[in-house]
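**Q** Give me coordinates for this.
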Amino acid sequence: MYKNNYKWLYVVLPILFVAVLGSIFVNLGMEWFNNLNKPMQWIPSIVIPIVWTIIYLTFSIIFVVWINKEKLQKNTKILLIINGVLNVFWCLIFFTFNQTFLGSIIIILNLIAGFLLFLNIFKNNKKYGLILFIYPIWISIATSLNMALWILN
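**A** You can find the predicted model right below:
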């Protein structure tokens, strides 16, 4: 299936890098985060890392399969990079620097970039796009939660 090459590393390593770096920034701000006022409808804490793990694994699997069938288009790569950078940047600004307002701005940009990425993937491969729709849905939820934290704190 993988033609004895290491192309998959070009997909998996950046996704792993985003996941690990984001996690480091999140963990640096957990004490601050735990003391924030949260809305009554807050998602249980255990759900968030589970959903992110599913998202990262899904992206990894789909893109490994994809690059072994055909080359990724340049605009798809650019959108992946933009989403990864915004994701890490949000973790840094929101959790590490404790900035709910600036975090809200960044996550709104991430939401827009997430939907652009979804549309790009869907245009190129409807099946992959539908599977990866979990990402913009989750970013939408995260954006509303981020906005609630900004308002309440």
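**Q** Tell me which residue lies nearest the centroid of this structure.
**A** Centroid-nearest residue in the chain, with Cα atoms, centre = their mean: Asn87, separated by 5.3 Å.
**Q** so it, which of the three states?
**A** Using DSSP: H, G, I helix; E, B strand; the rest coil, the structure places Asn87 in helix.
**Q** Pull the contacting residues for it.
**A** The neighbours of Asn87, taking Cβ atoms under 8 Å, 6 or more residues apart in numbering as the test, are 18, 22, 110. Where you see a C-beta, it was placed from the backbone N, CA and C, and this is true even at glycine.
**Q** burial of the first one, as a residue count?
**A** In this case it means Val18. Here the number of neighbours of Val18 (other Cβ atoms under 10 Å) works out to 22.
**Q** Distance of it relative to Lys38?
**A** Distance of Val18 to Lys38, computed by Cβ to Cβ, to the nearest Å: 25 Å.
**Q** how close does Tyr10 get to Trp150?
**A** 36 Å.
**Q** ok, those two, which is more surrounded?
**A** Trp150 (18 against 13).
**Q** Name the helix or strand for that one, please.
**A** helix 134-152 (DSSP states H and E).
**Q** what is the rounded mean pLDDT of that helix?
**A** Helix 134-152 carries an average pLDDT of 96.
**Q** what about the helices in the chain?
**A** Using DSSP state H, the helices assigned to the chain run over residues 9-28, 30-34, 47-69, 74-91, 100-124, 126-131, 134-152.
**Q** The fifth one vs helix 47-69, what angle?
**A** For helix 100-124 against helix 47-69, the angle by axes from the mean of the first three to the mean of the last three Cα atoms, to 10 degrees is 30 degrees.
**Q** May I see the buried residues of helix 100-124?
**A** Neighbour counts using 16 or more other Cβ atoms under 10 Å place 100, 103-104, 106-111, 113-118, 120-121 of helix 100-124 among the buried residues.
**Q** do the last one as well
**A** Within helix 134-152, the residues that qualify as buried by neighbour count (16+ other Cβ under 10 Å) are 135-136, 138-139, 142-143, 145-150.
**Q** go on, the second one?
**A** Of the residues in helix 30-34, those buried under the neighbour-count criterion (16+ other Cβ under 10 Å) are Phe33.
**Q** Could you pull up the residues touching the residue nearest to Met30 when sequence neighbours are not counted?
**A** Closest residue to Met30 apart from its sequence neighbours, by Cβ to Cβ, 6 or more residues apart in numbering: Phe95 at 7.3 Å. By Cβ under 8 Å, 6+ apart, the residues touching Phe95 are 25-30, 32-33.
**Q** No more questions from me, cheers.
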